[in-house]
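In: what would the 3D arrangement of this be:
(2 chains)
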Amino acid sequence: MSELKLMKGNEALAEAAIRAGVDAYFGYPITPQSEVIEYLMTEQPEKRTGMVVLQAESEIAAINMVYGAASTGKKVMTSSSSPGISLKLEGISYLAGAELPAVIVNVVRGGPGLGTIQPSQADYFQSVKGGGHGDYKLYVLAPASVQEMSDFVADAFEIAFKYRAPVLILSDGLIGQMMEKVHLRDPKARMKNEEIIAKYGSWATTGKKGRERNIITSLDLQSEKMEARVHRLQKKYRKMEQEDLRFEKIQCDDAEYLIVAYGSSARISQKAVELAREKGLKVGLLRPITLFPYPKKELFELADQVKGILSVELNAGQMVEDVRLSVEHKIPVEHFGRTGGIIHTPEEVLEALEQKIIKDGSIRHHKTRESSIL
Amino acid sequence: MAKVQGAIVVNTETCKGCEVCIPVCPENVISMSSEVNRKGYHYAYMSHPEACTGCTNCGIVCPDRAITVYRVKISE
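Out: Next up, the predicted model:
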């Protein structure tokens, strides 16, 4: 049976990591993510499951420790917040290039630069459009509750090992700091080398006794080989799009207007949908749970049903570009969002929907581009 | 009649500056400090201590259990 607890998002994620049988965590503290490493240090998982928890000397050291440990076929993770993730991006690109499974958690804060420690969703571009160098993508999960902070850890490792690719959990300061009840999954023991090989195949550097050596690298100086590697990665990403797309539709069946939002914005927008329904406005919410792969097809189809879409994000307009690409300019798409660490209220979201979409519902796509920033 | 004087003690390291305690205080006792704690959050403090009635609204609503409320009976 699962255990019911009242926890902070960051703590729930840390506890879930121990319970998911993660072998190692390497991190470096940064607000608003520090509770992850604090909780892991206090819990002493080395006594519970044998999990290694280590505070590296920097974010860059932490991600390279992840690279090393992931090469041995172990379940490894790291977490940080926006400025720290920027530092980790070189390592993340290397992980993707070397086809290593790992889970990276970003509890987003406001930027650019040192920015603020308050919640934000301004790392959307960084997360889904590469971030680091080279032709790679991250599978991106966006939790919208403390429950999902907990559940997505095990889910992320499933995906990471299925595709041998790094997975990003894109949370934010709001979900990370929020206290909510959470059903914790039953603890699983860490996997032994033989179990890993039986389940995922022998690709890791586990000792070459009795087999050919496995090489973990992202370097290929022969162009033909490098191109083949890139194609192999792209094939994985296409497969992710076909098999592991996740999204949630809330009151979309009879919707005339649509809000698209993920993570904390989705929680706020859900309340805005309720307020709209009380006023007699038929509003629905599409919540992408995976930001890559993105629910393009669903949005394309919904565009035939609804009159306009509002993309609600805690940033100056990032995901709105993917919404526009998905609906191919069939209907007006606008953006609404506060920035700098300010969190929009459900009332503000509804007001923006009424002003930008419902009032101007008759105006077609040629006019929709200008007013996308608040 | 006995009058009740209240006071709150904020655990400044636990406080994450969510400001949930401010609107629930009927006497507007609480404000956010201009100082920050170790994590960088502005924490809650009693800006008008004399007005506190010890109603415990702030203590109940605090998601991080950072506020302790004290009550003293003042006899007249």
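
In: tell me where the stretch 251-374 of chain A is predicted with low confidence.
Out: Within the stretch 251-374 of chain A, the segments meeting pLDDT under 70 span A:360-374.

In: can you check chain B too?
Out: B:1, B:76.

In: which parts of it sit against chain A?
Out: Contact residues (Cβ under 8 Å from any Cβ of the partner chain) of chain B with chain A: B:Lys16, B:Cys18, B:Lys39, B:Gly40, B:Tyr41, B:Pro63, B:Asp64. Every residue, glycine included, has its C-beta placed from N, CA and C.

In: now do the same for the closest residue to the second one other than its chain neighbours: helix, strand or coil?
Out: To tie it back to what came earlier, the one meant is B:Cys18. Leaving aside its chain neighbours, B:Cys18 sits nearest to B:Pro63 (6.7 Å; criterion: Cβ to Cβ, 6 or more residues apart in numbering or on different chains). The assignment at B:Pro63 comes out as coil when based on DSSP: H, G, I helix; E, B strand; the rest coil.

In: now do the contacts for B:Pro63.
Out: A:Met178, A:Met179, B:Cys18, B:Val20 (Cβ atoms under 8 Å, 6 or more residues apart in numbering or on different chains).

In: so the third one versus B:Pro26, what's the distance?
Out: Read that as B:Cys18. 19 Å (Cβ to Cβ, to the nearest Å).

In: okay, these two: which has more neighbours?
Out: Set B:Cys18 next to B:Pro26 and count neighbours by other Cβ atoms under 10 Å in any protein chain shown: B:Cys18 wins out with 20 against 10.

In: wait, isn't the more buried one in contact with A:Gly173?
Out: No: applying Cβ atoms under 8 Å as the test, B:Cys18 and A:Gly173 come out as separate, 10.4 Å apart.

In: count the residues that sit near the residue of the stretch 251-374 of chain A found nearest chain B.
Out: Nearest residue of the stretch 251-374 of chain A to chain B, counting by Cβ to the nearest Cβ: A:Ile343, 9.9 Å away. For A:Ile343, the count of nearby residues is 18 (other Cβ under 10 Å).

In: go on, A:Ala154?
Out: 18.

In: ok, now which ones touch it?
Out: Contacts of A:Ala154 by Cβ under 8 Å, 6+ apart are A:Ala16, A:Arg19, A:Ala20, A:Arg185, A:Lys188.

In: distance of it from A:Val108?
Out: 22 Å.

In: likewise for A:Glu148?
Out: 15 Å.

In: of these two, who's got more company?
Out: A:Val108 (30 against 22).

In: show me what contacts the more buried one?
Out: A:Ser81, A:Ser82, A:Pro119, A:Ser120, A:Gln121, A:Ala122, A:Asp123, A:Leu170, A:Ser171, A:Asp172, A:Gly173.

In: for A:His344, which non-adjacent residue is closest in space?
Out: A:Arg338 (4.6 Å).

In: wait, doesn't that neighbour sit right on A:Glu313?
Out: No: A:Arg338 is beyond contact range of A:Glu313, at 9.5 Å (criterion: Cβ under 8 Å).

In: for the two, indicate the residue with more neighbours.
Out: Ranked by neighbour count (other Cβ under 10 Å), A:Arg338 and A:Glu313 place A:Glu313 first, with 28 against 20.

In: name all residues that make contact with that one.
Out: A:Gln121, A:Tyr124, A:Ala261, A:Tyr262, A:Ser265, A:Met319, A:Val320, A:His335, A:Phe336, A:Gly337.

In: how about the strands in chain A?
Out: All strands of chain A, identified by DSSP state E, fall at A:3-8, A:24-27, A:52-55, A:76-80, A:102-108, A:139-141, A:166-172, A:179-184, A:247-250, A:257-260, A:283-288, A:290-292, A:308-312, A:333-336.

In: okay, those in CSV with distance to B:Asn11 next?
Out: Shown next, in CSV, are the strands of chain A (distance: least, Cβ to Cβ, whole Å):
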stretch, distance to B:Asn11
strand A:3-8, 15
strand A:24-27, 24
strand A:52-55, 24
strand A:76-80, 24
strand A:102-108, 22
strand A:139-141, 33
strand A:166-172, 24
strand A:179-184, 15
strand A:247-250, 36
strand A:257-260, 37
strand A:283-288, 35
strand A:290-292, 36
strand A:308-312, 34
strand A:333-336, 36
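
In: from A:Arg19, how far out is the closest residue to A:Ser79 other than its chain neighbours?
Out: Nearest non-adjacent residue to A:Ser79, counting by Cβ to Cβ, 6+ apart: A:Val105, 3.6 Å away. Per Cβ to Cβ, A:Val105 is found 15 Å from A:Arg19.

In: ok, the two, which is more surrounded?
Out: A:Val105 (30 against 21).

In: how about the residues of chain A that lie near chain B?
Out: So far as Cβ under 8 Å from any Cβ goes, chain A lies against chain B at A:Lys8, A:Thr31, A:Pro32, A:Ser34, A:Ile117, A:Gln177, A:Met178, A:Met179.

In: what is the nearest of these to A:Lys199?
Out: Lowest distance from A:Lys199 to the residues of chain A next to chain B (Cβ to Cβ) belongs to A:Lys8, with 32.3 Å.
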